[in-house]
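1. Sequence and predicted structure are below.
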Amino acid sequence: MEHPILSDASQFPTENTVFSHIGKTKAFWISLFDYVESYHPELSREWRYYRDGKSWLLKVTQKKKTIFWLSILDGSFRTTFYFTDKAKAALAASDISEELKEQFNSGKQYGKIKGVTVTCRSQRNVADAKTLIGIKLAMK
């Protein structure tokens, strides 16, 4: 698995910093966050430095509910969503890739949740992330 690269706690991630690292996937970043701003303006973004992982992560929330985490990689970025088993049927019925469905079904369980991680390297990956946002928002 690739490691996040924003590891300097003293360097807050600006848009320019992010774009310098994600390179050609900038268009996918813009597509994802244009969607968030247009269809889910209630979602908030907050960069936080996490000492345990020694990197900056972007936390996207709706009030106190975390929708997804985003980390920056060299040449791309990845979003991670955490779901309880209640989401199993919604994920299975969705149009996300079979690989992501399998990732959820056979993934490691952390307490009551399992993660689904999408590395955004194509428009298909962004479409999967958008679908996962919808599923996450629909879960109570």
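-> Yep, it's here.
2. how about the strands in this protein?
-> All strands of the chain, identified by DSSP state E, fall at 44-50, 55-62, 65-73, 76-83, 109-110, 113-120.
3. Who are the packing partners of the longest one?
-> Counting contacts by 3 or more C-beta pairs under 8 Å, 6 or more residues apart in numbering; DSSP states H and E, the secondary-structure elements packed against strand 65-73 are helix 15-22, strand 55-62, strand 76-83, helix 123-138. Heads up, the C-betas are built off the backbone N, CA and C, glycines and all.
4. Please tell me how far the lowest-mean-pLDDT helix or strand in the chain is from the chain's geometric centre.
-> Sorting the helices and strands of the chain by mean pLDDT, DSSP states H and E puts strand 109-110 at the bottom, at a mean of 94. Here strand 109-110 is found 17 Å from its chain centre; the criterion is C-alpha atoms, centre = their mean, to the nearest Å.
5. going forward can the numbers begin at 478, since that is how I track them
-> Sounds good: first residue 478 from here, last item strand 586-587.
6. sorry, back to before: point out the most buried one among the helices and strands packed on strand 542-550.
-> Among the helices and strands packed on strand 542-550, ranked by average contacts under mean count of other C-beta atoms under 10 Å, first place goes to strand 553-560 (a mean of 21).
7. Now do that strand: which elements does it pack against?
-> By 3+ C-beta pairs under 8 Å, 6+ apart, strand 553-560 packs against helix 492-499, helix 503-516, strand 542-550, strand 590-597, helix 600-615.
8. Could you export those as a markdown table, including distance to residue 536?
-> Shown next, in a markdown table, are the helices and strands packed on strand 553-560 (distance: least, C-beta to C-beta, whole Å):
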| stretch | distance to residue 536 |
| --- | --- |
| helix 492-499 | 15 |
| helix 503-516 | 13 |
| strand 542-550 | 6 |
| strand 590-597 | 14 |
| helix 600-615 | 13 |
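9. Show me what residue 543 bridges to in the sheet.
-> Counting by DSSP bridges, residue 543 is bridged to residue 538.
10. Around it, count how many other residues there are.
-> Residues lying near residue 543 (other C-beta atoms under 10 Å) number 13.
11. so where's the chain uncertain?
-> Judged by pLDDT under 70, the chain has its weakly predicted residues at 478-481.
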